[in-house]
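1. Predicted model and sequence follow; I will ask about them next.
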Amino acid sequence: MSRFVVTPRAEQDLNEIWDYIAQDNVAQADRVLIKLDKTLRRLAQHPSIGHVREEWADRRHRFWPVYSYVIMYRPDTQPLQILRVISGYRDLVEELKRSSRISGSHFRSLFF
């Protein structure tokens, strides 16, 4: 069975997603998190299926959409490292830059 780890920042993202959706519908928030979890497990089994998005990050990082969210991960890590889960409604480049300033070295080498 393939495994994955969720970084503290990605865990915060998931909590924020649940909190936001749960304001209107707790059951829907649960369904979204279940779908995200299933997708993370699938990515752990098949890490190369993600998309390289050089306008967002260097080639060491992959991205995969789920509903209106984008999962950012490192396909070359064991266990698979989930870095972020970001709403597609946000400015992804700006959000990733902001993350790099907040977390320091975690994303320092992310950008060109």
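-> Perfect, I can see it now. Quick caveat, the model's predicted, so the values are computed rather than measured.

2. can I assume Arg74 is in contact with His61?
-> Yes. Because the distance of 6.2 Å satisfies C-beta atoms under 8 Å, Arg74 is recorded as touching His61. For the C-beta atoms, the positions are set from N, CA and C on the backbone; glycine is no exception.

3. Report the set of residues contacting both of these two.
-> Shared contacts of Arg74 and His61 (C-beta atoms under 8 Å, 6 or more residues apart in numbering): Leu83.

4. The strand ranked longest in the chain packs against which elements?
-> Taking residue count as the measure and DSSP state E as the definition, the longest strand of the chain comes out as strand 80-87. Under the contact definition 3 or more C-beta pairs under 8 Å, 6 or more residues apart in numbering; DSSP states H and E, strand 80-87 sits against strand 4-6, helix 8-22, helix 26-45, strand 69-74, helix 92-103.

5. Send me the third one as CSV with only the CA atoms.
-> Once side chains and other backbone atoms are set aside, the C-alpha atoms of helix 26-45 remain, and they are given as CSV (Å, rounded to 0.1, in the frame of the first residue of the first chain):
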residue,chain,number,x,y,z
VAL,A,26,-21.2,20.1,7.3
ALA,A,27,-22.2,17.0,5.3
GLN,A,28,-20.8,18.6,2.1
ALA,A,29,-17.6,19.6,3.9
ASP,A,30,-17.2,15.9,4.9
ARG,A,31,-17.8,14.7,1.3
VAL,A,32,-15.2,17.1,0.0
LEU,A,33,-12.6,15.9,2.5
ILE,A,34,-13.4,12.3,1.7
LYS,A,35,-12.9,13.0,-2.0
LEU,A,36,-9.6,14.8,-1.3
ASP,A,37,-8.4,11.8,0.9
LYS,A,38,-9.3,9.3,-1.9
THR,A,39,-7.4,11.5,-4.3
LEU,A,40,-4.3,11.7,-2.1
ARG,A,41,-4.3,7.9,-1.8
ARG,A,42,-4.5,7.6,-5.6
LEU,A,43,-1.7,10.0,-6.0
ALA,A,44,0.4,8.0,-3.6
GLN,A,45,-0.2,4.9,-5.7
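
6. Find the least confident helix or strand in the chain, judged by mean pLDDT.
-> Lowest mean confidence among the helices and strands of the chain (mean pLDDT, DSSP states H and E): helix 105-108, at a mean of 38.
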